[in-house]
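Novice: any chance you can model this:
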Amino acid sequence: MEIRLCDNIVRFRKSKGYTQEELAKKLNISSQAVSKWENAQSLPDIALLPALAGILETDIDTLMGYIPKKKMVTPYEDRYNAKEYYWGTMPNEMCMEVLRRYYPTRPLRLLEVGCGEGKDAVFFARNGYQVTAFDVTESGIEKARRLADIHQADIDFFRADLRDFRLDEDFDIIYSSGVFHHILPELRDEIMENYRSHTASGGMHAVNVFVEKPFIPEPPDSDLCSRNWASGELFTCYKDWMIEECREVIFDCNSSGIPHKHCMDTVFARKMPDRKGE
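Specialist: Predicted structure coming up:
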């Protein structure tokens, strides 16, 4: 999968509310030059990259779609460095639900967003899905590859930050568990639309998110780079899809070694063929 500079320029420009002409003026270049960058007809001069990144309030690495190995963007980078598997190696219960709802009687392409140490990706690959999976942590990806090797599971693992990465190919299933609270509210519409638009007709999303509740204290292993969703917010992302099931549960957790609670919304939604023109 490819993270293209042209896509990132478009996305960051629009997020700042700049037109092509306004961005060009700030860089003292023509608007035609910006248009060519965004249409992948040419690349910015290397001397312009620092100014371009500064105007778009990002950095060159992010603009280029590259995450340096030493750049830690989540505390899970350290947590996954331990010998044992932080979340264990048993697959999430959601995996069995996906298997039951969309069994791979034909080759089905499945993307796991935020695969961590790989336990769910390995489960899907061992059960016949064609699996692609990414995570922001280098340590997580390394352990995921080791786990896949142990089980002789063929999985395309790669490292990416879901806040910066966008899909450019379609999948039959997009699966993610306990990850989307890292998508800040101002990015949710854009990212969810990207995932919906790159889901094949008849395809499925199986997603859960942590939900904010005033009567549940902040968990001891939370980090500053996340924001819980509002109750029911996830379900509205699929208003034009067939929602096969949606639920909200409060459960006990001991992931940090300190007992605490979470509230989580889960949805299984199917992208149905558009028949408006019939």
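
Novice: could you confirm residue 243 falls within a strand?
Specialist: Yes: secondary structure of residue 243 (DSSP: H, G, I helix; E, B strand; the rest coil): part of a strand.

Novice: report the separation between it and residue 96.
Specialist: For residue 243, the distance to residue 96 equals 19 Å [C-beta to C-beta, to the nearest Å]. In this view, the C-beta of every residue, glycine as well, is placed from N, C-alpha and C.

Novice: looks like residue 206 contacts residue 100 (just checking).
Specialist: No: in terms of C-beta atoms under 8 Å, residue 206 does not count as a neighbour of residue 100; the distance is 10.9 Å.

Novice: among those two, which residue is more densely surrounded?
Specialist: residue 206 (24 against 9; other C-beta atoms under 10 Å).

Novice: in which helix or strand does that one reside?
Specialist: strand 199-210 (DSSP states H and E).

Novice: how about residue 121?
Specialist: helix 119-126.

Novice: please export the C-alpha coordinates of that helix as CSV.
Specialist: The C-alpha coordinates for helix 119-126 follow below in CSV (Å, rounded to 0.1, in the frame of the first residue of the first chain):
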residue,chain,number,x,y,z
LYS,A,119,-3.1,-11.8,17.5
ASP,A,120,-6.3,-11.0,15.6
ALA,A,121,-4.6,-10.7,12.3
VAL,A,122,-3.0,-14.1,12.8
PHE,A,123,-6.5,-15.6,13.6
PHE,A,124,-8.0,-14.2,10.4
ALA,A,125,-5.1,-15.4,8.2
ARG,A,126,-5.3,-18.9,9.7
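
Novice: what packs against that helix?
Specialist: Counting contacts by 3 or more C-beta pairs under 8 Å, 6 or more residues apart in numbering; DSSP states H and E, helix 119-126 is packed against helix 93-101, strand 109-113, strand 130-135, helix 138-150, strand 155-159.

Novice: contacts for it, please.
Specialist: 85, 87-92, 94-95, 98, 110, 112, 115, 131, 133, 144, 147-148, 151, 153-155, 157, 175, 177 (C-beta atoms under 8 Å, 6 or more residues apart in numbering).

Novice: now the element after the helix or strand of the chain with the lowest mean pLDDT, going C-ward?
Specialist: When each helix and strand of the chain is scored by mean pLDDT, DSSP states H and E, helix 60-63 comes last, with a mean of 78. Using DSSP H and E, the helix or strand that directly follows helix 60-63 along the chain is helix 76-79.

Novice: quick one: that following helix to chain centroid distance?
Specialist: Centroid displacement of helix 76-79 relative to its chain, using C-alpha atoms, centre = their mean, to the nearest Å, is 18 Å.

Novice: rewinding a little: got the helices and strands packed on helix 119-126 as CSV, with distance to residue 53 and mean pLDDT columns?
Specialist: Output for the helices and strands packed on helix 119-126, formatted as CSV (distance: least, C-beta to C-beta, whole Å; pLDDT from 0 to 100):
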stretch, distance to residue 53, mean pLDDT
helix 93-101, 38, 97
strand 109-113, 25, 98
strand 130-135, 23, 98
helix 138-150, 23, 96
strand 155-159, 20, 95
